[in-house]
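A.B. asks: sequence-free structure coming up:
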Ligand code: TYD
Ligand code: MG
């Protein structure tokens, strides 16, 4: 018998090598490389058996004859949309998020719906006992038939349960707690997570079970574990939110069966998560009227327009480097925009502390929010409010120019629907009048926008 080839795995980044070393060549971390025993063989017929594997197919015929994959809807619209319009048969989803954010709650609610509408669901928990899950289920209301629970961490036992029950949906909560006894490393280590993930994927593809893998990820994404699965699974969703806010956002970051960056908004309450159908209204609910430093931007998350309020507070700094604190937006982006405001408009922000916050705990991630961030800072610095019924869109370049954005019509329609009456947009995006009732003004530069909106 051939001697098994040794494998060494970095427990920090997941890199695989065939020799041990004190320092990982991929991520540079010290003492993270451990030897990994060869994995036990997978179930018979394992491997990611996709349609037509091992045969060459005529590409034209392939694209012409592939029907849309069948999907199961949970009936929770915010969830279904993030999944690309429902769960695809045999697909594997990874749901990441901070511990305690509500992943188990969400999946229990989804499972209940799926069990009712589409067939048996097996919920495998490696973290909580049946009694604990029962408590949560009671809190969420009545249970449904077809929803099965097992507290198990041994993956081979999980596979046996799947074989016995033949569920249509499988939930593994969490991937960090299940393990293969044949592997030497501890549950949650990169090797365990990767091997268990691959086995579960094979199970999902082979039997057409839609499988959810829950992964705990810290804010910094420091736990490498679940991340090594991101390239393997079909869909990666992140469940996010601020601990002290009730709202939660389910964000699609990868989807082989739908558009990415789609979001679903939920509110965590006494009896679990409820859908927020009008997130713009939700995020703008407590907006102060006529406050300097407050600007509403019309952003787009995935295919959906979302209005959020950006707040800035610019105050004289003490000694030394001025402070910059940013919540809900990219820190470096805000620093860049403050530099643009200083250099192109002439505000002496080097002597000012700047605090930027996206209200309600929301996040803005697209460049179209740039102009809003700049105007919020300018408005706070000058202590002059912008008009309250105005929304702002535009990307800002380093030369101070305001650049075109996509989906302007969608953004402005959402603004009109929420009662806004005026908009400031990039000059270059103003090609036709559009079908919304807003009073639209185009601006070409940050300097122009500040002069037009806040006076000379
Ligand atoms: P949980 O789903 O256990 O989080 P995760 O699986 O991501 O670790 O949710 C835990 C939090 O949610 C916990 O702090 C309690 C809160 N929660 C509610 O506020 N209302 C509810 O109805 C439920 C079930 C949980
Ligand atoms: Mg949990």
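C.D. replies: On my side now, so go ahead. In this text, all values refer to a predicted model and were calculated from it rather than measured experimentally. Ligands and ions are numbered 1, 2, ... in the order given.

A.B. asks: and the stretch 201-350 of the chain, which residues reach ligand 1?
C.D. replies: 268, 270, 271, 272 (C-beta under 6 Å from any ligand atom). C-beta coordinates here come from the backbone N, C-alpha and C atoms, glycine included.

A.B. asks: tell me which two of the residues you listed sit farthest apart.
C.D. replies: Checked with C-beta to C-beta, those reach their widest spread between 268 and 271, with 9.8 Å between them.

A.B. asks: and the pLDDT for the closest residue to ligand 1 within the stretch 251-400 of the chain?
C.D. replies: Ranked by C-beta to the nearest ligand atom, the top residue of the stretch 251-400 of the chain for proximity to ligand 1 is residue 272, at 4.0 Å. For residue 272, the model assigns a pLDDT of 91.

A.B. asks: hang on, the earlier thing: who has more neighbours, residue 268 and residue 271?
C.D. replies: Neighbours per residue (other C-beta atoms under 10 Å) separate residue 268 from residue 271, with residue 268 holding more: 17 against 10.

A.B. asks: buried sites along the helix or strand that one falls within?
C.D. replies: In the assignment (DSSP states H and E), residue 268 maps to strand 263-269. Buried residues in strand 263-269, counted by 16 or more other C-beta atoms under 10 Å: 263, 264, 265, 266, 267, 268.

A.B. asks: repeat that for stretch 352-372.
C.D. replies: Using 16+ other C-beta under 10 Å as the test for burial, stretch 352-372 gives 352-364, 366-372.

A.B. asks: and if you look at stretch 97-104?
C.D. replies: 97, 98, 101, 102, 103, 104.

A.B. asks: pick out the most distant pair among those residues.
C.D. replies: Taking C-beta to C-beta, no two of the buried residues of stretch 97-104 sit farther apart than 98 and 104, at 12.4 Å.

A.B. asks: thinking again about what came up before, give me the pLDDT for the residue lying closest to the residue of the stretch 251-400 of the chain closest to ligand 1 once chain neighbours are set aside.
C.D. replies: Leaving aside its chain neighbours, residue 272 sits nearest to residue 140 (4.4 Å; criterion: C-beta to C-beta, 6 or more residues apart in numbering). Residue 140 is assigned 88 on the pLDDT scale.

A.B. asks: same question, residue 143
C.D. replies: We have a pLDDT of 75 for residue 143.

A.B. asks: also the one 10 residues further on?
C.D. replies: Per-residue confidence for residue 153 comes out at a pLDDT of 94.

A.B. asks: tally up the residues packed near the residue nearest to it when sequence neighbours are not counted, please.
C.D. replies: Distances taken as C-beta to C-beta, 6+ apart put residue 126 closest to residue 153, at 4.1 Å, once the chain neighbours are dropped. Around residue 126 there are 22 other residues, counting by other C-beta under 10 Å.

A.B. asks: wait, residue 126 sits on residue 171?
C.D. replies: No: using C-beta atoms under 8 Å, residue 126 is not in contact with residue 171, being 11.0 Å away.
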